[in-house]
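>>> turn this into a structure:
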Amino acid sequence: MLENANIYSNDIFLLDINMPVKNGIETLKEIRSLNIETPAIFLTSMSDINTIKLGYETGCSDYIRKPFHFEELEIRINKLVLQDNTKTIQLGPKQTYNIQTMELTDNSNIIDFTENENKLIFYLIKNINHVVSSDTLMDYVWDDKVVNSNTLRTQIKKIRAKLSYDFIQNIRGTGYKIVSYTQDD
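Sure thing, here's the model as predicted:
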């Protein structure tokens, strides 16, 4: 079921426990086995305590019983997405990125990026530790404009020139990724 899904670029997962082919619990287990920590909400009529407990044990972030009000769902989604976006991510020994403000700090200085450079960094960070294909990056950054891989490589080169530590990895023939920084790096 997940083979054709681009599950690395979602802000949130909305799942029903009673889904065709593979139920929501199994689907979330598979997502979590890939080390994807994207928030997940179960929307389901199965509201017995054992099912709720199983949902949370599987890794759901919230659980809403059917029938529900869309306004309640919207409130819960916003809480989870905004809560996730308040993170500051360590990208290098002296490089951090604030997802909420979309600001990259290098040696305590905020780096000034163009709009396209910002979009590139943001998308790579939202997919941290996962390879993002060049095609996906070009579609995200340049929308409907026709660009080629040389344009993408040029943008990455310009970003790297502004950094004291290069945290963007080129995955030859595939795309790019940013790996979480640890003190051992």
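>>> can you tell me how far the nearest residue to E103 once chain neighbours are set aside sits from T136?
Of all residues not flanking E103 in the chain, I110 sits nearest, at 5.2 Å (Cβ to Cβ, 6 or more residues apart in numbering). The C-beta positions use only the backbone N, C-alpha and C, and glycine is treated the same way. For I110, the distance to T136 equals 27 Å [Cβ to Cβ, to the nearest Å].
>>> go ahead and flag the most central residue of this protein.
Nearest to the geometric centre of the chain sits K126, at 3.5 Å (Cα atoms, centre = their mean).
>>> contacts for the helix or strand hosting N118?
For N118, the host element (DSSP states H and E) is helix 115-126. By Cβ atoms under 8 Å, 6 or more residues apart in numbering, the residues outside helix 115-126 that reach it are 9, 11, 89, 91, 97, 99, 102, 104, 113, 132, 136-137, 140-142, 155-156, 158-159, 168, 176-178.
>>> how about it: buried residues?
Buried positions in helix 115-126, judged by neighbour count with 16 or more other Cβ atoms under 10 Å: 116-126.
>>> how far does that helix sit from its chain's centre?
For helix 115-126, the separation from the chain centroid amounts to 12 Å (computed by Cα atoms, centre = their mean, to the nearest Å).
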